[in-house]
Structure formats: structure tokens, C-alpha cells
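**Q** Just the structure for this:
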Amino acid sequence: MTRALVLDFGGVISKTMFETHDLSEQALGLAPGTLGWRGPFAPETDAPWRAMQAGEMTERDYWAHRMAETGALVGETWTAFPDFVARVRGADPAAVIRPEALDAIARAKAMGCRLAILSNELDLFYGKDFRASLPFLADFDLIVDATYTGILKPDTRAFGFVTDGLQMAAADCVFVDDQAKNLKGAEAVGMPFVHFDVTRPGESYAKALEMLAA
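**A** Next up, the predicted model:
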């Protein structure tokens, strides 16, 4: 039986910005420790993150807040997420890709599994040119990006784009996302899932591969 590994991008394939503050501070010319928001790594110190997790603001609203806040620190105004990401991530996008992700992608491919990305804002956040700098994306059979579809997870229609695109049943896929609310959509369509723990990426990928092999 053919199986498919379906991955969110930000947080799952790419390291979160919370994990790369040192790179961001270097890129922006800020003193070490200037960027103190830590999201899931220290939710007790990040009130906007807690508000987002509680459904009081969207993920896009959260990052719009951080974009405006960070821009103010360096006297710049960014009106588009790709401009923000390009400034804080520097000139080497590959540096923020999780090695655990690359390993899991290679292992899934070796197992004969198909590969898909289901993202709410891949090109919206990173820009169209970002993909060209990441050769491993060529291994993916399908990339569904709500930047273009307009259908955000956890809407079940987003998962339908994946199953229709792959011509596979939801039950034959394993979906991985770091946002718990998005997993509700997978559950609703009968797609097995892993709640990705950004503080333990290796364990999360190991669980997904175990489910694919079962």
C-alpha cells in the first residue's frame, strides 16, 4: 500500500523564528537578546502567542504584530511578510531548514511514500523565490498553499486538495503540523496525524515515520 507524508512547512520543515533569534539579530544588526518573544518555547512570557493559541487572533495576525514590532526596532516598515522574513532570515534560507526534516523526507521517500506540503501561507510568508533556494522541494509530489487556494487549515477542503491531488485516501496519509487547531481538519477527514512538537522535532518525525511504516 502506498502511503503519503503530508507536512506543514513553517515550524515543521523550517525552524521557527523563535529558534533563530540569534540569526535574526545578526541580520538586523541588533544586540544579542533583543528579540525576547519565544512563542511555544516560553508561552508564559509571550501574551500575543497565548492569545493566538486561544483563538483570539489568527496566526497571520500574530506575525503581523511581530513584523511591525521588529521593524520599529530597526526603523523600517515592512508591509509584506516576505520582506520581513527576508530581513530576519538573512541570505541563506537553507540554514533554517530542520535537519530532522531533511532526514525524515529522505526516509519517507526511501520507504516508497509520496510527499506533500499543506501550508496556510508558504509563499505569503516566504515569497515565491524562496522555493528555488531549497532543492529538496523537488522531491515533493504536491504542494498545496493557501496563499493561492484561499482555503486555510483546519477547513476540511484544504485536506481535500491533498487527497484529490495525490489521488489517495485520507486514511493512507500521515499529516504533521505544529498547530493543534489545524489537526482538527485532519481528524475530521479521517487523516492520521502527528502534533509536531517544535521543542522535540526528532521525536515528532520518528512518530510520523513509525505511523507510515505501520
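
**Q** Any figure for the gap between the closest residue to residue 145 other than its chain neighbours and residue 72?
**A** In space, residue 145 comes closest to residue 122 once its chain neighbours are excluded; the distance is 4.3 Å by Cβ to Cβ, 6 or more residues apart in numbering. The C-beta positions use only the backbone N, C-alpha and C, and glycine is treated the same way. Remark: distance between residue 122 and residue 72 (Cβ to Cβ, to the nearest Å) = 26 Å.

**Q** the more surrounded of these two?
**A** A direct count of neighbours by other Cβ atoms under 10 Å for residue 122 and residue 72 places residue 122 higher, at 25 against 10.

**Q** Report how many residues lie close to the nearest residue to residue 130 once chain neighbours are set aside.
**A** Nearest residue to residue 130 in three dimensions, chain neighbours excluded: residue 93, at 5.8 Å (Cβ to Cβ, 6+ apart). Neighbour count for residue 93, taken as other Cβ under 10 Å: 19.

**Q** Residue 93 and residue 136 touch, don't they?
**A** No: look at residue 93 against residue 136 with Cβ atoms under 8 Å: they stay out of range, at 11.4 Å.

**Q** packing partners for whichever strand or helix holds residue 203?
**A** According to DSSP states H and E, residue 203 maps onto helix 201-213. Judged by 3 or more Cβ pairs under 8 Å, 6 or more residues apart in numbering; DSSP states H and E, helix 201-213 is in contact with helix 99-110, strand 173-177, strand 193-195.

**Q** Flag the shaky bits of this protein, pLDDT-wise.
**A** 91 (pLDDT under 70).

**Q** if we look at stretch 121-134, which residues are touching it?
**A** The contact list for stretch 121-134, computed with Cβ atoms under 8 Å, 6 or more residues apart in numbering, reads 9-10, 59-60, 63, 81-82, 85-86, 93-94, 97, 137, 143, 145-148.

**Q** so who does residue 175 touch?
**A** 6, 7, 118, 159, 183, 186, 191, 192, 193, 194.

**Q** What separation do you get for residue 98 and residue 195?
**A** From residue 98 to residue 195 the distance is 16 Å (Cβ to Cβ).

**Q** who has more neighbours, these two?
**A** The neighbour comparison of residue 98 against residue 195 (other Cβ under 10 Å) goes to residue 98, with 19 against 14.
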